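1. with the sequence up front, the predicted model follows.
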Amino acid sequence: MTLDSLLILSAAVFCIGLYGILSKTNIVSTIMSIELMFNGIIIAAVSFSRFTPSALLMNNSFDVSSFALNTALSGHVFGVFIISIAAAESALALALVFVMFNKKSSVDIVDFNELKG
Amino acid sequence: MSGNFFIDITFWVVSFLIILGSFYVVTARNIFRGAIGLSFVFICVAIIFFLLNAEFLGVVQILVYVGAVSVLIAFAVMFIKDVVDGSKYSKYRLLSAFLCSFLFFVLIFISQVTEWNSMDSIENEDALAGLEGFYFEESESGSILIKKAEVLSDGVNKGVFINSTLSIGSSLISNFLIPLQVIGFILISALIGSLTIIRQRRKQ
């Protein structure tokens, strides 16, 4: 378990999710692929927080005990933020799916091309 | 880096399962099976977080993703008429597969070429302990000292073992205070917005 292997895993999950978004026409599949991409990004953030020290800790004369606590785990905090955003986003997406189904009785995104010029 | 054999074995098995499950999510024609596979991927990612000493984030992942987002997606699946064959491909399938594999190799190239900050370049013992050990103890003046795991004896260690939850909590109320408030605004606006969208459509 090194930083390189974790970054490869993160990139793989991200790209698989991107492929799912681009290649599927059902909107629920698209939402699921977006969640996959979010998970890949969180893996990258946490593994950076685990394996690479922040610039403040690289300064060897710095007083570690007073400040390192707030900077060492920034990646975890970013992960918490991303999870919150993902929860809000999936709730909104569910409301959109509801409205789309009420309007055209379909959740296929190729049926919703009114804005196409 | 850790040198622990079982952690490495678990990591390889779980990451293989993650990639397999992700492929199943984006290729399954039955959309409900895809949603079940997505829940499986979420649980495997939580195991990766536990392996990375991110206990709080792993628990949050299980609570929010496996508990809430999966249920929302399973609720959204109910709007699909043809569940068994509902997940169709668009006409840009091959182009997007080519683009995504190209992006994957670009990301791998960048991550291998870049010189990331390594733990070997730190000489400060306290900083090294804060990243490797995750043991904290309180000093006489009340500030919190980070100690390496091997340095602490059992007598010192008693009762002052604190995991990453303390660090995340103190970050959220000091360095990340304004982002925390913004997240609160985003959540409340998403809640009100989704309720408003559904309500207007029902009146007509």
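-> Good, I have the coordinates. Everything quoted here is computed from the prediction, not taken from an experiment.
2. ok, which stretches of the chain are helices?
-> In the absence of a named chain, chain A is used. In chain A, the helices defined using DSSP state H lie at A:3-23, A:27-51, A:55-58, A:64-71, A:74-104.
3. my question was about chain B, not that one.
-> Along chain B, the segments classed as helices by DSSP H run B:5-27, B:31-51, B:55-60, B:70-77, B:93-113, B:125-132, B:154-157, B:164-173, B:177-203.
4. of the helices of chain A, which is nearest residue B:89?
-> Closest to residue B:89 of the helices of chain A, according to CB to CB: helix A:3-23, at 5.5 Å. C-beta: built from backbone N, CA, C; applies to glycine.
5. how about that closest one against chain B, any contact?
-> Yes - against chain B, helix A:3-23 shows contacts by CB under 8 Å from any CB of the partner chain at A:3-9, A:11-20, A:22-23.
6. for that helix, name the packing helices and strands.
-> With contacts defined as 3 or more CB pairs under 8 Å, 6 or more residues apart in numbering or on different chains; DSSP states H and E, the packing partners of helix A:3-23 are helix A:27-51, helix B:5-27, helix B:31-51, helix B:93-113.
7. for those helices, state which one has the densest average packing.
-> Mean neighbour count, computed with mean count of other CB atoms under 10 Å in any protein chain shown, is highest for helix A:27-51 among these, reaching a mean of 23.
8. what about it, distance to the chain center?
-> 4 Å (CA atoms, centre = their mean, to the nearest Å).
9. can you list the domains in chain B?
-> Taking automatic domain parsing as the reference, chain B has its domains at B:5-116, B:123-164, B:174-204.
10. got CSV for those domains, with distance to residue A:91 and mean pLDDT too?
-> Output for the domains of chain B, formatted as CSV (distance: least, CB to CB, whole Å; pLDDT from 0 to 100):
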stretch, distance to residue A:91, mean pLDDT
domain B:5-116, 7, 90
domain B:123-164, 27, 52
domain B:174-204, 5, 85
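11. what would the ones you listed look like in a markdown table with distance to residue A:45?
-> Converted to a markdown table, those look like this (distance: least, CB to CB, whole Å):
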| stretch | distance to residue A:45 |
| --- | --- |
| domain B:5-116 | 9 |
| domain B:123-164 | 13 |
| domain B:174-204 | 13 |
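12. so what's the residue count around the closest residue in space to residue B:172 that isn't next to it in sequence?
-> Spatially, and ignoring its direct neighbours in sequence, residue B:172 is nearest to residue B:180 (5.3 Å; CB to CB, 6 or more residues apart in numbering or on different chains). The tally of other residues near residue B:180 (other CB atoms under 10 Å in any protein chain shown) stands at 16.
13. contacts for stretch B:91-101 next, please.
-> A:15-16, A:18-19, A:22-23 (CB atoms under 8 Å, 6 or more residues apart in numbering or on different chains).
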